[in-house]
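Asks: coords please:
(chains A and B)
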Amino acid sequence: LAKTTQPISMDSYEGQEVNITCSHNNIATNDYITWYQQFPSQGPRFIIQGYKTKVTNEVASLFIPADRKSSTLSLPRVSLSDTAVYYCLVGDIGSGGYNKLIFGAGTRLAVHP
Amino acid sequence: DTGVSQNPRHKITKRGQNVTFRCDPISEHNRLYWYRQTLGQGPEFLTYFQNEAQLEKSRLLSDRFSAERPKGSFSTLEIQRTEQGDSAMYLCASSFVLGSDNEQFFGPGTRLTVL
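Replies: This next block holds a predicted model:
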């Protein structure tokens, strides 16, 4: 699976938009980009997945430029409960999806009052 | 609760003892995964099952580790002769593979402390 690079930590305040960028220079043609969120003492939770351009769901948006060498997770108007670690993963979900997820260290987002 | 459950949630043991963890996946999920997570790091893949077949094992899974999923439902992860380096959170996840849809749902984990 392609290696990813993302900031170790970020700080924000309630009500602000937070953008977390992930670099994946070696992404392959068949690779998808997936983001997971993890709260302390819990397992990771799927947030969003995309292949190109823009994907939006009720939680977040994912922006992927044409060259797909990076992606940006956008969290609108964060609250204290968005304080968590966010992981960017890249891989070929293919037929049958990922066989395993390869996590990096993630980005620790701290939202302040 | 229809999510992935893991038992026990916490386990403290002495070095050299054997421990066994259980994972109950979401009903009808055909894939089950085990991961290990140490403090400040992301989860690391250990192994996964499709139904009762163990299809892949990480090199992290030493001979002291064994996982089973005998009836294609719940799974157990056993660690023999525990070492202090085994202290970690052990996470289980499950998914239902259909085409390219393979969202993995994680349980709350079992935190192991080896004294």
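
Asks: pLDDT weak spots in chain A?
Replies: A:1-2, A:94-97 (pLDDT under 70).

Asks: go with 50
Replies: The model of chain A has no residue with pLDDT under 50.

Asks: tell me which residue lies nearest the centroid of it.
Replies: A:W35 (3.2 Å; Cα atoms, centre = their mean).

Asks: and chain B, by the same measure?
Replies: B:W34 (3.2 Å).

Asks: before we move on, back to that, correct me, but the residue nearest to the centre of chain A touches A:C88?
Replies: Yes. Taking Cβ atoms under 8 Å as the definition, A:W35 is a contact partner of A:C88 at 5.7 Å. All C-beta spots, glycine's among them, are computed from the backbone N, C-alpha and C.

Asks: list residues touching both of those two?
Replies: Common contacts of A:W35 and A:C88 (Cβ atoms under 8 Å, 6 or more residues apart in numbering or on different chains): A:22, A:73.

Asks: any idea of the pLDDT on the residue in chain B that chain A sits nearest to?
Replies: Proximity of chain B to chain A (Cβ to the nearest Cβ) peaks at B:N102, 1.9 Å away. With respect to pLDDT, B:N102 scores 72.

Asks: correct me, but it touches A:Y98?
Replies: Yes. Between B:N102 and A:Y98 there is a contact under Cβ under 8 Å: 5.5 Å.

Asks: who has more neighbours, these two?
Replies: A:Y98 (24 against 20; other Cβ atoms under 10 Å in any protein chain shown).

Asks: report the contact partners of the more buried one.
Replies: A:Y98 touches A:34, A:89, A:91-92, B:102, B:104, counting by Cβ under 8 Å, 6+ apart.

Asks: so, low pLDDT: which residues of chain B?
Replies: In chain B, no residues with pLDDT under 50.

Asks: what does it put close to chain A?
Replies: B:4, B:33, B:35, B:40-45, B:48, B:55-56, B:58, B:91-93, B:95, B:97, B:99-109, B:111 (Cβ under 8 Å from any Cβ of the partner chain).

Asks: strands of the chain, start to end?
Replies: No chain in the question, so chain A it is. A:9-13, A:18-23, A:31-38, A:45-50, A:53-56, A:61-64, A:70-75, A:84-92, A:107-112 (DSSP state E).

Asks: please refer instead to chain B.
Replies: B:5-7, B:10-13, B:19-24, B:31-37, B:44-50, B:53-57, B:65-68, B:75-79, B:88-95, B:105-106, B:110-114.
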